[in-house]
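Q: Okay, here's the prediction I keep looking at, along with the sequence it came from:
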Protein chains: 2
Amino acid sequence: MAEQGRRTLAQRLDHLFDTVRRPDGQEYTNEHVAGAVSAKGVTISQSYIWQLRKQKKDNPTLKHLQALADFFGVPPAYFFDDAVAGQIDTQIEALRTERENSGAPEVRMMAMRAGELSPDRRRQVMELLDVVYKLEQVERGETPGK
Amino acid sequence: MAEQGRRTLAQRLDHLFDTVRRPDGQEYTNEHVAGAVSAKGVTISQSYIWQLRKQKKDNPTLKHLQALADFFGVPPAYFFDDAVAGQIDTQIEALRTERENSGAPEVRMMAMRAGELSPDRRRQVMELLDVVYKLEQVERGETPGK
DNA sequence: ATCTTTCCTTCACTTGAGTGGATCCAGCGG
DNA sequence: CCGCTGGATCCACTCAAGTGAAGGAAAGAT
């Protein structure tokens, strides 16, 4: 069966373009992204980014996934995991509307917080996660039956 | 700079082989994994798996990452994110020792919990994360440098 | 109308991800 | 001692991931 039947990579990437804008509110261009990403060491072409957005190519490599996720300030898991994607999306969405009121240009900064927190903090969050998990386990009466 | 300077993909994959064993306690062979993965629709060769383990090749594609993560029962983020990897590792470790007592064969089920938590709980975690993030911001004196 | 500019779209080509053996290296019978 | 089997190691080739450069389409400027 098709593994990515839910949301395609193309849709997700395209969605990132739609939601994560530049300071002036415009969408990033493929070329800009290609340039910014390449400047960070991982070369990528604007045409390839376009192909990914338009479903002409799926199945990029680890380095490109990393680089793109990095640029948009989302964890690489965004491209894999539906739950993560949905979560991040709501985060970004919230920030977007908030921005329209306050006018703060820090969408990305906040978007990054989920995946690109400092190592120390991240560990703290992981421990919190651990607690939450155990809570859920207890709540369910210790039955991990999927 | 090299993004994966901390732990290489090879090390992580190899580590999975070492920790996630089959029912009889033996390591999975490259061939077995290749077979199992291919049987699930994504073809992969044993030689390629070996190359990945031995650092001869890094940079696999999305589909292969997905498939491997799926086989070992870890979220794909395992291959990207150091914090996640560490978290999962401790989980697996705990389960391993536990298994030697009770003999329960549900290693992967548990290993997934960090990445595949229920949506509601995950939201909670995200909110906790939010708090932590803001704490860090305040701590740094509200300077979002970089 | 024409020249710029900017970006999207397309496609023929390059190159590295991924494969198919072939080879080596144990263990294990006979 | 020798063949057999199961697995790791190596490597030359294939084919799809990824590129570059050219061709539109839309919006301004002159």
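A: Okay, I see it.
Q: pLDDT weak spots in chain A?
A: For chain A, the stretches flagged by pLDDT under 70 are A:1-6, A:81-146.
Q: which residues sit in contact with whichever residue of chain A sits closest to DNA strand C?
A: As assessed by Cβ to the nearest atom of the strand, DNA strand C sits closest to A:S47 within chain A, at 3.2 Å. C-betas here are computed from N, CA, C, even on glycine. Listed by Cβ atoms under 8 Å, 6 or more residues apart in numbering or on different chains, the contact partners of A:S47 are A:N30.
Q: can you pull the buried residues of whichever strand or helix holds it?
A: Using DSSP states H and E, the element containing A:S47 is helix A:46-53. Buried residues in helix A:46-53, counting neighbours by 16 or more other Cβ atoms under 10 Å in any protein chain shown, are found at A:Q46, A:Y48, A:I49, A:Q51, A:L52, A:R53.
Q: Just the CA trace of stretch A:44-52, in CSV.
A: Extracted C-alpha coordinates of stretch A:44-52, given in CSV (Å, rounded to 0.1, in the frame of the first residue of the first chain):
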residue,chain,number,x,y,z
ILE,A,44,20.1,22.4,-3.8
SER,A,45,18.7,23.8,-7.0
GLN,A,46,15.5,25.9,-7.3
SER,A,47,14.2,23.6,-10.0
TYR,A,48,14.5,20.6,-7.7
ILE,A,49,12.6,22.4,-5.0
TRP,A,50,9.9,23.2,-7.5
GLN,A,51,9.8,19.6,-8.6
LEU,A,52,9.3,18.5,-5.0
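Q: hmm, that stretch touching DNA strand D?
A: Yes - shown here: stretch A:44-52 in contact with DNA strand D (Cβ under 7 Å from any atom of the strand) through A:I44, A:S45, A:S47, A:Y48, A:Q51.
Q: Kindly report the same for stretch A:56-71.
A: Yes - interface with DNA strand D: stretch A:56-71 contributes A:K57, A:N59, A:P60, A:T61, A:K63, A:H64 (Cβ under 7 Å from any atom of the strand).
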